[in-house]
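Engineer: my questions are about this predicted structure, shown below with the sequence.
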Amino acid sequence: MKLLVGLGNPGPKYAVTRHNVGVRVLERFAREHGIAFEAERFAGRFGCGRLSGAATPLEVALLAPQTFMNRSGAAVAAAIAQLPLADVAQDLLVVFDDVDLPFGRLRLRPSGGAGGHRGLADVIEQLARSDFARLRFGVGRPADGQETTEHVLEAFSVAEQVLLPARIERAARAVDAALRQGVAAAMNEWNRDPDAESPDDG
C-alpha cells in the first residue's frame, strides 16, 4: 500500500488559500481515480482505492489531516502506525506548498529537510525520519514587505487562478507517476518548468 498525504488547514476559510494546494492536489488525484474520502480517520479525511492499469493493481490510501498545518505530523504518524505500508521510505508521499518555487512549478524529491515548511517539519518530527518522498508545489514568493504567513494564507491571484486547475492536474499526474514508477523515475519529467514545455509534453 502507498500513502498519499496532502497538507493544508481545515475548514472553508482556508480551502482556496495557497497553503492548501497540497489538499487540492490530493482531491484532484482522488477524483481522477474514483477514490472517495470516508468518514474522518487518523484525525483527517481519509480514503482508500486502487490504481488500475498496472500489471498488479496498486492500493493507495489518501489522507488530508484536519489538524492545523503545523500539527500535521500526528495524523500522518497515526496512519503509518495502522496501515500496511511495507517501507515508509518507498510508500509515503507528502504534497504541500512551497514559497521558494515559482507558481505551479513542481519539485519531486525522495527525501530531504523541511525547508522552512512547518507542516512538513512536524511530519518529520513526529516520524523521527525525513527519508520519505515529497512533492512541493510552487506558490511563489511574497510581495516586497509582505510576511510569508500572510502570503500563504491568501487566495491565489486572479492570473494564477486562471492557470491553477491545469497546474493542479499536472501535479496529480506527477503523483500518479511517482506512485507507479517510483520517485527517481518520475523526477526528470515532472520537475521540469511547465512554462517551458510544448503543448504535447507530459
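Structural biologist: Perfect, thanks for sending it.
Engineer: contacting residues around R167?
Structural biologist: By CB atoms under 8 Å, 6 or more residues apart in numbering, the contact list for R167 reads F103, G104, F137, P194. C-beta coordinates here come from the backbone N, C-alpha and C atoms, glycine included.
Engineer: the helices in the protein, which residues?
Structural biologist: Along the chain, the stretches classed as helices by DSSP state H are 21-32, 73-82, 88-91, 118-127, 148-152, 158-181, 183-190.
Engineer: so what are the sheet partners of the worst-scoring helix or strand of the chain on mean pLDDT and their directions?
Structural biologist: Among the helices and strands of the chain, strand 38-41 carries the lowest confidence by mean pLDDT, DSSP states H and E, at a mean of 86. Paired with strand 38-41 in the same sheet, following DSSP bridges, are strand 44-51 (antiparallel).
Engineer: any regions of this protein where pLDDT drops low?
Structural biologist: Per-residue confidence of the chain (counting by pLDDT under 70) places the weak regions at 54-55, 197-202.
Engineer: who's in contact with the residue of it most remote from its centre?
Structural biologist: The centre of the chain is farthest from one residue, G145, which by CA atoms, centre = their mean lies 28.0 Å away. Applying CB under 8 Å, 6+ apart, one finds that G145 lies in contact with no residue.
Engineer: now it: phi and psi?
Structural biologist: For G145, the backbone dihedrals (degrees, to the nearest 10) come out as phi 90, psi -10.
Engineer: that one and A185, how far apart?
Structural biologist: Between G145 and A185 the distance is 42 Å, computed by CB to CB, to the nearest Å.
Engineer: go on, V25?
Structural biologist: For V25, the distance to A185 under the criterion CB to CB works out to 19 Å.
Engineer: and these two? which has more neighbours close in?
Structural biologist: Looking at V25 and A185 with other CB atoms under 10 Å, you find the greater number of neighbours at V25, namely 28 against 11.
Engineer: which ones are touching the more buried one?
Structural biologist: Contacts for V25 (CB under 8 Å, 6+ apart) come out as G6, V95, L135, F137, I168, A171, A172, V175.
Engineer: okay, those in JSON lines with neighbour count and distance to F42 next?
Structural biologist: As requested, the contacts of V25 are arranged in JSON lines below (neighbours: other CB atoms under 10 Å; distance: CB to CB, whole Å):
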{"residue": "G6", "neighbour count": "30", "distance to F42": "13"}
{"residue": "V95", "neighbour count": "29", "distance to F42": "16"}
{"residue": "L135", "neighbour count": "26", "distance to F42": "20"}
{"residue": "F137", "neighbour count": "25", "distance to F42": "22"}
{"residue": "I168", "neighbour count": "19", "distance to F42": "24"}
{"residue": "A171", "neighbour count": "28", "distance to F42": "23"}
{"residue": "A172", "neighbour count": "23", "distance to F42": "21"}
{"residue": "V175", "neighbour count": "27", "distance to F42": "19"}
